[in-house]
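*Asks:* Got a predicted model here, sequence first, then my questions.
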4 protein chains.
Amino acid sequence: MARYDFASDNTAAAAPEAMEAVLAANSGFASGYGTDHVTREAADLVRQVLDADAEVRFVASGTAANAISLAALCRPFEAVVAHDHAHVCTDETGAPGYFGQGLGLIRLPGASGRIDPAALETALAAPDVSYRQSPAALSLTNATEYGTVYAAEALERLIRPVKAKGYGVHLDGARLANAAAAGFELKRIKDLGVDILVIGGTKAGMPPTEAVVIFDRDLARRFDARLKQAGQLPSKGRFYAAPFIGMLKDGALVRHGAHANAMAKRLEALMPFPVRHPVEANGLFVEMDEPTLKRLHGLGWFVYRFLDGTVRFMCSWATTPDSVDELGHALKSVA
Amino acid sequence: MARYDFASDNTAAAAPEAMEAVLAANSGFASGYGTDHVTREAADLVRQVLDADAEVRFVASGTAANAISLAALCRPFEAVVAHDHAHVCTDETGAPGYFGQGLGLIRLPGASGRIDPAALETALAAPDVSYRQSPAALSLTNATEYGTVYAAEALERLIRPVKAKGYGVHLDGARLANAAAAGFELKRIKDLGVDILVIGGTKAGMPPTEAVVIFDRDLARRFDARLKQAGQLPSKGRFYAAPFIGMLKDGALVRHGAHANAMAKRLEALMPFPVRHPVEANGLFVEMDEPTLKRLHGLGWFVYRFLDGTVRFMCSWATTPDSVDELGHALKSVA
Amino acid sequence: MARYDFASDNTAAAAPEAMEAVLAANSGFASGYGTDHVTREAADLVRQVLDADAEVRFVASGTAANAISLAALCRPFEAVVAHDHAHVCTDETGAPGYFGQGLGLIRLPGASGRIDPAALETALAAPDVSYRQSPAALSLTNATEYGTVYAAEALERLIRPVKAKGYGVHLDGARLANAAAAGFELKRIKDLGVDILVIGGTKAGMPPTEAVVIFDRDLARRFDARLKQAGQLPSKGRFYAAPFIGMLKDGALVRHGAHANAMAKRLEALMPFPVRHPVEANGLFVEMDEPTLKRLHGLGWFVYRFLDGTVRFMCSWATTPDSVDELGHALKSVA
Amino acid sequence: MARYDFASDNTAAAAPEAMEAVLAANSGFASGYGTDHVTREAADLVRQVLDADAEVRFVASGTAANAISLAALCRPFEAVVAHDHAHVCTDETGAPGYFGQGLGLIRLPGASGRIDPAALETALAAPDVSYRQSPAALSLTNATEYGTVYAAEALERLIRPVKAKGYGVHLDGARLANAAAAGFELKRIKDLGVDILVIGGTKAGMPPTEAVVIFDRDLARRFDARLKQAGQLPSKGRFYAAPFIGMLKDGALVRHGAHANAMAKRLEALMPFPVRHPVEANGLFVEMDEPTLKRLHGLGWFVYRFLDGTVRFMCSWATTPDSVDELGHALKSVA
């Protein structure tokens, strides 16, 4: 049977801290649609971790969270600027355009998943013309799709010209835990100009849940109606809030992120194939030809070939040193 | 502190059968997006309970499940026929129109939540004109919003003229467990002409999850892409599938539904106010003036005034006979 | 052969003033997409007639103009408040929801096509809840669908509480010419709080064209992109602008409107059936049973039964006194 | 003052044949929404020219006609395959995604505006996966954006594998008149597998109008409602139908197309700059550096730099040999 340990960071089970919090929350009656005490507590914890007075909601899907955020920042005849290989561009079946009724995506290049600032400036400098969807927002991802991490300064550099234009900023934090573990300071986000942040729960080791953090209070108006209409205002909200309590109250989120990052480093040390991108978070991208990949699959290790042609190995909170070593052996045997 | 025991059937915690299945599923690595073994097992159980060879998906939201179903049956310039007080018409913030880009809702009358067959026939007989959204699908709800239950024959009577027109049929089964407990045979659904069925998990006592059952295989083509785009193809699918395993494998779903129905009957027996609709499932709708309702709220019992002006009391798997009796006392004291 | 003279005010040909302006504009080369000199001149004339410094665009379709306006004022999870029988509610195949991705319509009662102020206040007073589309804009129609005319004061009374809430206002002026001819002062619109006005060209006797007047400059940002995406930024803009030049430069618009109104009055004087609504503009609504209507159809006069059950007779710039008298005879013969 | 003669083929006035037909149609009363005798006659003529028993509608906008067609062929979670520089991809402000609620565009390379068949095959061969919008239709353009013309055989080669997959085909004929004049046989379209064709009126020398030809009768169901909702079912339909009568009844459409093509050839003969694409229709694309283009603008000749970096010169029915020669002199003087 195929092993999915390294296929993605969403193939892992949920971490005990998260599940215990779910079980603790699963008691008695609670009011619905995010008005319950569990949701309140979790939102407070998120605010505390970010040191920010922001609106917080808990939703079921990262794809939806991103798409709803972009639809809040951008009208259908406008566009979101994002990295060419950002999840919103490549892995969400066009969800931004679906939730945002055709809003455009302007896809920018940039090494190892980070947007090239010069390309961004060119995109922002293009004249507003009626026959094209002009930019209205920037979407960033940290850690990036290629396992690299933006420092706060690097984000600032990208965000500054965007805010100067009066445009919005979305930060996809599906792997924010890994970025934080790599040194990205969560408390600095509030000063970077981010309008909406999505903190990934699922890839961080929780059961399905994502936190939507709205820094720009104007955007928050009627946000619950926005979520409800989009199928993302859960009646039993505590099931999406509780995992964040479990993972935030004593630092498990970043601790697990650090573990995942360390496992990626351990794998890098064993990797007999050329590594293509800096290993700064929990992913490893290597050059491997198709017959070799087939042989690896043949040994039961399922991993994907990624958008840039590399083969991707993802680690998670649940990755064990033993499984890394096992995989290392397998890799050597097929090299 | 307010008690939400009877405010809705989604204020309850999740039932032990569901949670145990979640915990059992939360082990090891699993492939994503509904391709895992837990999802497979749960889908098989749903098919078995329905005695039907249908496609089954597990999603996070009933609102989304309904809206996606209607969007699959109806184009934007067409309309869905539904009861005036159906959940899709009144409680989903226009989600059908959002997911279906403005698809119309033709709202029909009918006593106690059941569509009046004559009104349906009139709606179907209206000539197709370009300036109006003509019907393309019927949306039914069982048990209804008013705690009544359609027998299979009653559904057949409504569905027959709809299918004769070549239109689609959606069945909102948010409270299918309660309908089943009241005698509605689940194995008959497959022969009624229903194209898409949504089986409610949340209100039936599960953590957030709903099963989408696609009887019409043509509709199932690229359904995963449809769900993914709509933010309803969870990567960690097992968390939405597992509760159905726990609740279906030994009949807990219908057993809990029967309990909730029995609690509603128990409450009816104690009710000092006129009951407006037949108590066939887990809800009770009574006539109560505003000062009385305020007094009841003052005693800590939170319940809603419903669309028809009655006050609604909902029971769930978690409703205890003691709490019913407590509420009965409170009601007497404010009567 | 059926005669459509009174079936609608869009069955008439275009008036000579409009066509001459089109022919005059149809010469030489002109830049596209509304940047041409004809469009500039027409926009200036519209501003002059309204005595307002507003943005003006010319589009092909009133349905689209209305829907685009509402989509500009209202997000998908919000609703537009309108008269139950407003054109946007009943005759546009759900276009507001299509262009606005499911934005809601809250339909209010009111005698003879005018919104009941008390009903509006009730709608505005409803609490904002997440499961319902709350109001974000008011849509008004002058002249109304029932041939009545709001005075500026009556509009003010409706608009004031809407603006107090911070909501937007749209004025559907498909028959603004008739309202103006009936005494509604066009120069007062700018002070009423209207954000977007659509001035009907088609029903006023032009070839297909409508003017969109944007009083709120914030709304005008990227409006050309909005129109282009919606298929309403014509490349050969002069064909939509020129008719307004012909009809505005010497007052033909209101003059033709006055003629149409006078013809409706003339028909009223001859009408052997009970007239249901005050005849203030160019329409007449009468009580007539089905066999009688059939007989009238049999005589070749095609007219529609309207939403309130009356039979509607519409006059236009092209209605002749003779045809009114002819119809009067026919009506007497079937009475 | 700037001259727009060669800036686009939509800067010209309407041809006399078209305008005479409009004036002829502008008489008496006519029923609305495309049910009039003028529309009938025009539709018959379109069918005759195509030798096809197809549904025909006349609409105001090519952008809308294309977008509505693509929305009819493709669901939001699917994609349309088109040339990277097709008008639907680059010049319509994302209209396909707006009308089609986020439907995707898969953009293919190909020399001089023609889709590379190998790239198409690769796109069609990509596996259907849930996280990507898979192809559901092909959009072709003839003549292409680069002034080249597909022969029927070339279209067949592209269409065959698309139909083999069961996908739809849209043909954007904004410049079909020019393609026909270049030898593309209109009567062959019906056998090529095209499901929806848009015949451009505007660029062919008419006032704003486009014909939508629906070969696949299944797609035609409720098409009027589709158009009405999208703001493209004009009440005074004769204004959009009449120009086609004038241009089709004695061959003016193709005759004018041939003239425009000949003018492009004449310009090619005078062109002192390298011509980048074969001149097969009415456009000329040349290499010209920015200072030279500025000088040309300085002489009053307004033309655009196009997507591939060339400078585009478009001819139309209204282009005179004298103006070509004038431009030729100007070009020499700036060369």
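*Replies:* That came through fine. All values derive from a computational prediction rather than experimental measurement. Numbers count the residues shown, from 1 in each chain, chains lettered A, B, ... in the order given.

*Asks:* and the longest helix anywhere in chain A, average pLDDT?
*Replies:* Assignment by DSSP state H gives helix A:252-270 as the longest helix of chain A. For helix A:252-270, the mean per-residue pLDDT is 98.

*Asks:* Now do the next helix or strand along the chain from that helix: distance to the chain's middle.
*Replies:* Downstream of helix A:252-270, the first helix or strand assigned by DSSP states H and E is strand A:283-286. On the basis of Cα atoms, centre = their mean, to the nearest Å, strand A:283-286 sits 17 Å off its chain's mean C-alpha point.

*Asks:* Repeat that for stretch A:64-73.
*Replies:* For stretch A:64-73, the distance to the chain centre is 13 Å (Cα atoms, centre = their mean).

*Asks:* returning to what we had before: buried set for the longest helix of chain A?
*Replies:* A:252-264, A:266-267 (16 or more other Cβ atoms under 10 Å in any protein chain shown). In short, each C-beta sits where N, CA and C put it, glycine included.

*Asks:* what's the answer for stretch A:267-286, then?
*Replies:* A:267, A:271, A:273, A:275-277, A:279-286.

*Asks:* So for the one helix or strand A:R40 maps to, what gets flagged as buried?
*Replies:* Counting by DSSP H and E, the element that carries A:R40 is helix A:37-50. For helix A:37-50, a neighbour-count test (16+ other Cβ under 10 Å) marks A:38-39, A:41-43, A:45-47, A:49-50 as buried.

*Asks:* Next secondary structure after that helix?
*Replies:* strand A:55-59.

*Asks:* what helices or strands is that next one leaning on?
*Replies:* Helices and strands touching strand A:55-59, by 3 or more Cβ pairs under 8 Å, 6 or more residues apart in numbering or on different chains; DSSP states H and E, are helix A:37-50, strand A:210-214, helix A:223-229, helix A:238-248.

*Asks:* Does chain C have contacts with the second one?
*Replies:* When you say that, I think you mean strand A:210-214. No. Strand A:210-214 lies apart from chain C when judged by Cβ under 8 Å from any Cβ of the partner chain; the minimum separation is 14.2 Å.

*Asks:* Starting from that strand, tell me which strands it pairs with and how they run.
*Replies:* Here strand A:210-214 has these sheet partners by DSSP bridges: strand A:55-59 (antiparallel), strand A:196-200 (antiparallel).

*Asks:* For it, give me every contacting residue.
*Replies:* A:42, A:46, A:50, A:52, A:54-62, A:65, A:68-69, A:174, A:195-202, A:220, A:223, A:227, A:240, A:244 (Cβ atoms under 8 Å, 6 or more residues apart in numbering or on different chains).

*Asks:* same question, the longest one
*Replies:* Counting contacts by Cβ under 8 Å, 6+ apart, the residues outside helix A:37-50 that touch it are A:25, A:30, A:53-54, A:56-58, A:186-187, A:189-190, A:197, A:199, A:211, A:213, A:237-238, A:240-242, A:244-245, A:248-249, A:253.

*Asks:* How much space separates A:P76 from C:H85?
*Replies:* 29 Å (Cβ to Cβ, to the nearest Å).

*Asks:* Looking only at neighbour counts, state which of those two leads.
*Replies:* The neighbour comparison of A:P76 against C:H85 (other Cβ atoms under 10 Å in any protein chain shown) goes to A:P76, with 28 against 21.

*Asks:* With adjacent residues omitted, what lies nearest to that one?
*Replies:* Leaving aside its chain neighbours, A:P76 sits nearest to A:Q101 (4.3 Å; criterion: Cβ to Cβ, 6 or more residues apart in numbering or on different chains).

*Asks:* swap in A:T90?
*Replies:* Using Cβ to Cβ, 6+ apart, the closest residue to A:T90 is A:L307 (6.0 Å).

*Asks:* quick one: what helix or strand has that neighbour in it?
*Replies:* Using DSSP H and E, A:L307 falls outside every helix and strand.
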